[in-house]
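A.B. asks: coordinates only, sequence not included:
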């Protein structure tokens, strides 16, 4: 299944940027980055649990917000893309 | 249905920031902002078409990427939220 990970964190602090880097690292083991803090992860049910637990280990629940959305198949019906997709190396702009 | 709108745009230019403001304005007619450029919109099928067309009128397809995800009910199964949700007025930090 496709899991969309949306991670709302302040990147104005180095701690926030560090958490975003670590969240990105977790997500990139399962999928791709579609925005600075939005990721699409292709997982099965067991991996879904692992992904969730790994993410919960990285975030600061008192300050950040993590939202996981399950996108049901067929993706051609439930995922619409417009414009130009750019796989950008967001890390390079985040390292302080 | 719940539509998740993810809008990848460079906010390093005033034109990009302007497009994000206009996209936000469209989305906020249908729902709430959950990140700087991620929105959750509650719509029916007709509104979904309107939302899509209004968004396509605002974005620059040569430069930006817009992704719409349909989140199927039940939301308690397909949307998981962790941490602290902050409804932030992102506009105030975007106006130049």
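C.D. replies: Perfect, thanks for sending it. Please read these numbers as outputs of a predicted model, since none were measured by experiment.

A.B. asks: Okay, helices next: where are they in chain A?
C.D. replies: Using DSSP state H, the helices of chain A run over A:14-28, A:45-58, A:75-78, A:91-94.

A.B. asks: tell me what the first one is packed against?
C.D. replies: For helix A:14-28, the elements it packs on are strand A:2-8, strand A:38-42, helix A:45-58, helix A:91-94, judged by 3 or more Cβ pairs under 8 Å, 6 or more residues apart in numbering or on different chains; DSSP states H and E. Backbone N, C-alpha and C define where each C-beta goes, glycine included.

A.B. asks: and the residue nearest to residue A:77 when sequence neighbours are not counted, what does it touch?
C.D. replies: Counting by Cβ to Cβ, 6 or more residues apart in numbering or on different chains, residue B:70 is the residue found nearest to residue A:77 once chain neighbours are left out, at 7.3 Å. Shown in contact with residue B:70 (Cβ atoms under 8 Å, 6 or more residues apart in numbering or on different chains): A:71, A:77-79, B:1-4.

A.B. asks: End to end on stretch A:56-76, go ahead and measure it.
C.D. replies: 30 Å (Cα to Cα, to the nearest Å).

A.B. asks: Highest average neighbour count across the helices and strands packed on helix A:14-28: which stretch is it?
C.D. replies: strand A:2-8 (a mean of 22; mean count of other Cβ atoms under 10 Å in any protein chain shown).

A.B. asks: so how far is it off the chain centroid?
C.D. replies: 5 Å (Cα atoms, centre = their mean, to the nearest Å).
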